[in-house]
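Q: need the 3D shape of this:
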Amino acid sequence: MSSPQPWVGPLSHRVQQLAPSATLHVSQRAAALRAQGHTVVDLGAGEPGLPTPACIVQAARDALNRDDIGRYTPVAGIPSLREAACVKFARDQKLTYDSQHILVTPGAKAALALALEALVNPGDEVILFAPYWTSYSALIRLAGGTPVIVPTRAQEDYLPRMEAVRQALSPKTKAILLNSPSNPAGAVWPQERLQELVQLSARQAVWLISDEIYGRIVFDAAEHTSPASLSRDAWERTIVIDGVSKTHAMTGWRIGLAAGPANVITAMTKLQSQRFTCATAVAQHAAAFALREPPPVADAIKKMTHAYQQRRDAVTRWAATLPRVTCHKPQGAFYLLLDCSAYIGRSIGGIPIDNDITLANALLEQARVAAVPGTVFGQPGTLRLSFAAPDHELQQGMERIEEWLRRKTL
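A: Numbers count the residues shown, from 1 in each chain. Below is the predicted model:
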């Protein structure tokens, strides 16, 4: 007698319609190939290739000696971290908050999710600018909202035309979600353009959700401006998302920040109390030390940003030599968006390239280089490369991509 099949109950429509994180999928496939003995260069991961500064790690070690380190923290975060966040926002974004305006979350993605859940009702619309970080649209849908995409172009520095934003606004618009410097294009919104957006959103009393996680990673003459800093009205309508993942090389510590009007932060804190309880205690103490940026931390950030700029310069010079590929020089973050649309419809190594997804898969399987297809960012025909990888891996990845494109294209 055969064994009975296990019962598989129906799943929610919510999860059935949800795609897994594309960036994590790429990294997982790269890890699987490594486990099989292949040498894979991972340029798909969205995290620093540099270690967390040693002094921050030591702050975590010191926190382990606290008598209360094994207990739950306040839902909104430990007082010292919320106070340090206020110092950080005043120093870096010229924003004045006190602790009631700050929520500490298990990563910036959690802060984004909580902000959307606190603001968005079923049927509400949230405006996004393409290319956008792949999780934005998923988080909007999980909150019951509808993403409304406003396209941008490389020729216009990946900044939207205000007329396109006006056309996207409707009576259902609840919020505009922006990201500067942006993932994946590295676009940095100039203050004048942000001012236009703030004024436009004010006419319809639309919320602004400003993801500023890459705010300190800017190059050349670019300057990061928070829309919340432009007027009192903007401050009252903006939820700022930040954290320690990128600037402080602390992705795995999972500490995010949300800052905004007290009523919204209170609502998000209530949601967090039911969803996550609190962020990890040890990581909170390490982040409190990191955000105050004593000289060793400030020096480490300066060195990391300098390293990213050198890598940015190297990869953009290299990309300019690739056949049939174009790219826009990023002003911030640590990604390069390669326009590979000329390869769609061709064959590489015997594999028909129908779109950027098959292009990314072929690159990984044949050249053993992981990159993320632009379709998941709302920018078909492109590939996103991270230049936060260690120098030797970045160099090896560039060499493999160039050899692959030059020798195997039909």
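
Q: measure Ile78 to Gly215 for me?
A: Ile78 sits 23 Å away from Gly215, going by C-beta to C-beta, to the nearest Å. To be clear about C-beta, it is placed using only N, CA and C from the backbone, and glycine gets the same treatment.

Q: these two: which is more packed in?
A: Higher neighbour count among Ile78 and Gly215: Gly215, with 23 against 20, using other C-beta atoms under 10 Å.

Q: tell me the contacts of the closest residue to that one other than its chain neighbours?
A: Counting by C-beta to C-beta, 6 or more residues apart in numbering, Gly215 lies nearest to His224, which is 4.3 Å off, once chain neighbours are set aside. His224 makes contacts with Asp92, Gln93, Ser180, Pro181, Val188, Glu212, Gly215, Arg216, Val218, Gly332, as judged by C-beta atoms under 8 Å, 6 or more residues apart in numbering.

Q: go with 7 Å
A: His224 makes contact with Ser180, Pro181, Val188, Glu212, Gly215, Val218, according to C-beta atoms under 7 Å, 6 or more residues apart in numbering.

Q: I'd say the fifth one and Asp92 touch.
A: Yes. If you go by C-beta atoms under 7 Å, Gly215 and Asp92 touch, sitting 6.3 Å apart.

Q: common neighbours of the two, please.
A: Here Gly215 and Asp92 have no joint contacts, going by C-beta under 7 Å, 6+ apart.

Q: how about the contacts made by Pro131?
A: Pro131 sits next to Tyr158, Pro184, Ala185, Leu337, Gly374, Phe377, Gly378, Gln379 when contact means C-beta under 7 Å, 6+ apart.

Q: what's the ChimeraX syntax to select whichever of the residues you listed are buried?
A: Listed next is the ChimeraX selection for buried residues among those, using 16 or more other C-beta atoms under 10 Å:
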select :158,184,185,337,374,377,378,379
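
Q: mind putting the contacts of Pro131 in a markdown table, distance to Cys86 included?
A: Below are the contacts of Pro131 laid out as a markdown table (distance: C-beta to C-beta, whole Å):
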| residue | distance to Cys86 |
| --- | --- |
| Tyr158 | 31 |
| Pro184 | 31 |
| Ala185 | 31 |
| Leu337 | 34 |
| Gly374 | 37 |
| Phe377 | 33 |
| Gly378 | 34 |
| Gln379 | 36 |
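
Q: so what's the closest residue to Asp242 other than its chain neighbours up against?
A: Leaving aside its chain neighbours, Asp242 sits nearest to Leu257 (4.6 Å; criterion: C-beta to C-beta, 6+ apart). Listed by C-beta under 7 Å, 6+ apart, the contact partners of Leu257 are Ala85, Ile102, Val104, Ala111, Asp242, Gly243.

Q: quick one: pLDDT of the third one?
A: Reported pLDDT at Val104 in the predicted model: 98.

Q: start at 26 instead
A: That works, and once the first residue is 26, the last one we named lands at Val129.

Q: and the strand or helix carrying it, what does it pack onto?
A: Per DSSP states H and E: Val129 is located in strand 127-130. Judged by 3 or more C-beta pairs under 7 Å, 6 or more residues apart in numbering; DSSP states H and E, strand 127-130 is in contact with helix 104-118, helix 133-144, strand 281-284, helix 287-300.
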